[in-house]
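K.L.:
Fold the following.
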Amino acid sequence: MLQTVDNPTTSPAIEQRFTWRGLTWHQFNAIQAGFEDVANVRLFYCDGVLAIAGTGRLHEAIRCLMRLLTGQYFLKKNCIFSQRYL
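P.N.:
Here you go, the predicted structure:
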């Protein structure tokens, strides 16, 4: 099956999303490995449903802003925090 999606960098206000139902966890892991080095694409899996979302510039700008604001809040409140990627 082939599905084309607009390049999210040319449509910054639109987040492209593709869903696929009936996948096992092992199938999801295989698909996830194929997307390991693909930028601006996020994969989500829940109860056999895979969602592949292409993130645009607006999404990334909001994500960065939230990260900066959260960091400033923790610094102001003198909280110790760390960021860990899984």
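K.L.:
Can I get stretch 67-74 as CSV, trimmed to CA atoms?
P.N.:
Output of stretch 67-74 as CSV, limited to C-alpha atoms (Å, rounded to 0.1, in the frame of the first residue of the first chain):
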residue,chain,number,x,y,z
ARG,A,67,10.2,23.5,26.4
LEU,A,68,11.8,27.0,27.1
LEU,A,69,8.9,28.1,29.3
THR,A,70,9.0,24.9,31.3
GLY,A,71,12.7,25.2,31.8
GLN,A,72,12.4,28.9,33.0
TYR,A,73,9.7,27.9,35.4
PHE,A,74,11.8,25.2,36.9
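K.L.:
Give me the contact list for it.
P.N.:
residue 81 (CB atoms under 8 Å, 6 or more residues apart in numbering). All C-beta spots, glycine's among them, are computed from the backbone N, C-alpha and C.
K.L.:
Quick check: mean pLDDT of it?
P.N.:
Mean pLDDT, stretch 67-74: 90.
K.L.:
what comes up buried for it?
P.N.:
When burial is assessed from 16 or more other CB atoms under 10 Å, stretch 67-74 yields no buried residues.
K.L.:
For the protein, which segments count as helices?
P.N.:
Using DSSP state H, the helices found in the chain span residues 25-34, 57-76.
K.L.:
Quick one: closest of those to residue 51.
P.N.:
helix 25-34 (10.5 Å; CB to CB).
K.L.:
gap between the closest one and the chain center?
P.N.:
15 Å (CA atoms, centre = their mean, to the nearest Å).
K.L.:
and if you look at stretch 59-71?
P.N.:
Centroid displacement of stretch 59-71 relative to its chain, using CA atoms, centre = their mean, is 14 Å.
K.L.:
Perfect, that will be all.
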